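Peer 1: Based on what follows, work out the 3D shape:
(one chain, ligands or ions: 1)
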Amino acid sequence: MTVEANLKILVAVTGGIAAYKSAELVRLFVKAGADVQVLMTEGAQAFVTPLTFQALTGKAVRSSLLDPAAELGMGHIELARWADHIVIAPATADSLARLSQGMANDLLTTVILAYQGPVTIAPAMNQAMWSNVITQDNIKRLSAFHPHWSWVGPDAGEQACGDVGPGRMSSPEAIAHQVLGAATDKTLTGKRVVISAGPTRERLDPVRYISNFSSGKMGYALAQAAQQAGADVVLVSGPVALQVPKGVRLVSVESAQDMHDAVMKAAVGSDLFIATAAVADYRPETTAAQKMKKSDKTLSRTIDLVENPDIVASVARLTTGRPFVVGFAAETHDAVAYGQDKRVKKQLDMVVINDVSVPGLGFGSDDNQVTLVSAEIQESYGPAAKIRIAQWLIEKIADHL
Ligand code: PMT
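Peer 2: Numbering: from 1, shown residues only. Predicted coordinates for the structure are as follows:
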């Protein structure tokens, strides 16, 4: 994504372990063409040195409230006037508490008090601190005072302290995407887009199911990219542990049949359907009403499977209200040939081929590498973060709508 060269972003780094990720965030902003300055609190400097950010931005890092080097000697006023957008990443529980009380005892809090433009906050802290009613109350206060501030994350997962839960700072790619989203070309304005994502679960009994390793990351990234390109997005998702992108409507489903029904309902009359979901091709013919019991050392039982509906093919076969249909093809060898074959057999307008045999790409990972093919084009992108892949795909697909 590129932005106008004069977009001035002030990145405020506060004192949490996630501060190291802010270096990558700054790099992404610089790469996108923004003019970036970094402000660090005293706590942040215990985790990362100002020199890291100075090297990335080519500018001295700001940390002092009364700064003799600043114009007028008042760094906070100068920075507040300079920035087009302020990003606080990571935003610790302490910084949120101080901001919510309107304190003005360091450069960050005074800049924010003196600033009237857009602010994006990426919180990061221990999961118990995040869930604490006081932190949540501070966030409510901030949101009430500043309804136009935007929030990214936090994500759930394993934390530096060993806890598991919400509190991890969102990826630099996700934060950059949200901030730069305002500068994204609105190529899908007025379009209704339906996206399927994640795995499906096919029940064997009340406690067991057949599924796959899809995390939903590719589909959720596409939903975010489409929403930021101006589309009205419906995300039909199997069970995943991801936050729904802001502004996207979620329809949660479990099985392939559920996903089929939800997609057919949403896709008829829409403009674009993108099928990223890893749908189980088969389901058990019967689902046991009671939990199957462990009886012996060996289990000899035959599970008969029956075919699930092919969702993307059903949408592509619609005779009225058919959207532009883009499928995915997860391949492990001869990826482009098999992908093209799927495009033709399922009557898709385009197919996104990913070779899921490459370690670190495809299922479950944050990155991917894709080849987009239609009857006319074949173009590749990546390896790159799924959010960047998604944005590239949306731009390309929008060109063909
Ligand atoms: O979720 P992630 O962890 O981020 O991983 C992303 C991904 C690897 C799952 C994704 O990039 C991807 O490749 N999705 C398609 C996976 C798949 O099932 O591929 P397939 O080649 O088996 O299916 C081809 C197409 O038919 C897909 O668009 C699929 O959604 C669709 N399909 C398949 C079966 C079925 N019954 N109904 C369908 O709609």
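
Peer 1: who in the stretch 251-400 of the chain is up against the ligand?
Peer 2: For the stretch 251-400 of the chain, the residues found near the ligand under the criterion CB under 6 Å from any ligand atom are 256, 275-279, 281, 308, 310-312, 327-330, 342, 354, 356, 362-364. C-beta: built from backbone N, CA, C; applies to glycine.

Peer 1: which of those are buried?
Peer 2: Buried subset of these (neighbour count, 16 or more other CB atoms under 10 Å): 256, 275-279, 308, 310-312, 327-330, 342, 354, 356, 362-363.

Peer 1: Please report the distance of residue 82 from residue 62.
Peer 2: 10 Å (CB to CB, to the nearest Å).

Peer 1: Overlap of the contact sets of the two?
Peer 2: When CB atoms under 8 Å, 6 or more residues apart in numbering defines a contact, the residues bordering residue 82 and residue 62 alike are residue 37.

Peer 1: more crowded one of these two?
Peer 2: It is residue 62, of residue 82 and residue 62, that has more neighbours when counted by other CB atoms under 10 Å, with 24 against 14.

Peer 1: is it true that that one touches residue 107?
Peer 2: Yes - in terms of CB atoms under 8 Å, residue 62 counts as a neighbour of residue 107; the distance is 6.3 Å.

Peer 1: Do you know the pLDDT at residue 31?
Peer 2: In the prediction, the pLDDT value recorded for residue 31 is 78.

Peer 1: Quick check: it vs residue 275, distance?
Peer 2: With distances defined as CB to CB, the gap from residue 31 to residue 275 amounts to 31 Å.

Peer 1: now swap in residue 331 and tell me
Peer 2: As for residue 331, its distance to residue 275 is 15 Å (criterion: CB to CB).

Peer 1: Residue 190 is in contact with residue 229, isn't it?
Peer 2: No - assessed by CB under 8 Å, residue 190 is found out of contact with residue 229, at 11.0 Å.

Peer 1: by contact count, what packs against the longest helix seen in the chain?
Peer 2: Ranked by residue count and defined by DSSP state H, the top helix of the chain is helix 386-400. Counting contacts by 3 or more CB pairs under 8 Å, 6 or more residues apart in numbering; DSSP states H and E, the secondary-structure elements packed against helix 386-400 are helix 172-181, helix 217-228, strand 324-331, strand 350-355, strand 367-373, strand 378-385.

Peer 1: how many degrees apart are the third one and strand 367-373 in direction?
Peer 2: This means strand 324-331. Relative orientation of strand 324-331 and strand 367-373, computed by axes from the mean of the first three to the mean of the last three CA atoms, to 10 degrees: 120 degrees.

Peer 1: ok, now the longest one?
Peer 2: With the same axes, to 10 degrees as the criterion, the two stretches helix 217-228 and strand 367-373 enclose an angle of 70 degrees.

Peer 1: Any residue of helix 217-228 touching the ligand?
Peer 2: Yes - contact between helix 217-228 and the ligand is present through 217-218 (criterion: CB under 6 Å from any ligand atom).

Peer 1: what's the spacing between that helix and its chain's center?
Peer 2: 6 Å (CA atoms, centre = their mean, to the nearest Å).

Peer 1: re the thing from before, please render the helices and strands packed on helix 386-400 as TSV that adds mean pLDDT and distance to residue 101 to the earlier fields.
Peer 2: As requested, the helices and strands packed on helix 386-400 are arranged in TSV below (pLDDT from 0 to 100; distance: least, CB to CB, whole Å):
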stretch	mean pLDDT	distance to residue 101
helix 172-181	87	25
helix 217-228	92	32
strand 324-331	96	48
strand 350-355	96	48
strand 367-373	94	40
strand 378-385	90	36
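
Peer 1: just those: most buried one?
Peer 2: Each of the helices and strands packed on helix 386-400 was given a mean neighbour count from mean count of other CB atoms under 10 Å, and the largest, a mean of 28, is that of helix 217-228.

Peer 1: now that helix against helix 386-400, angle please.
Peer 2: Using the same axes, to 10 degrees, helix 217-228 lies at 50 degrees relative to helix 386-400.

Peer 1: Please pull up the helix or strand immediately following helix 217-228.
Peer 2: Next along the chain after helix 217-228, taking DSSP states H and E as the criterion, comes strand 232-237.

Peer 1: Which elements pack onto that next one?
Peer 2: The criterion is 3+ CB pairs under 8 Å, 6+ apart, and the helices and strands that strand 232-237 contacts are strand 192-197, helix 217-228, strand 249-252, helix 256-267.

Peer 1: secondary structure class for residue 9?
Peer 2: In terms of secondary structure, residue 9 is strand; the call rests on DSSP: H, G, I helix; E, B strand; the rest coil.

Peer 1: tell me the contacts of it?
Peer 2: Residues in contact with residue 9 (CB under 8 Å, 6+ apart) are 29, 34-37, 83-87, 179.

Peer 1: Need the distance between the two termini of stretch 42-56.
Peer 2: Stretch 42-56 has an end-to-end distance of 19 Å (CA to CA, to the nearest Å).

Peer 1: Repeat that for stretch 262-276.
Peer 2: First residue to last in stretch 262-276 (CA to CA) measures 15 Å.

Peer 1: where does this structure have low pLDDT?
Peer 2: Where the chain drops to pLDDT under 70, the residues are 1-6, 69-75, 182-184, 296.

Peer 1: so what are the domain limits for it?
Peer 2: Under the assignment automatic domain parsing, the domains of the chain span 8-184, 192-400.

Peer 1: and the stretch 51-200 of the chain, which residues reach the ligand?
Peer 2: For the stretch 51-200 of the chain, the residues found near the ligand under the criterion CB under 6 Å from any ligand atom are 196, 198.
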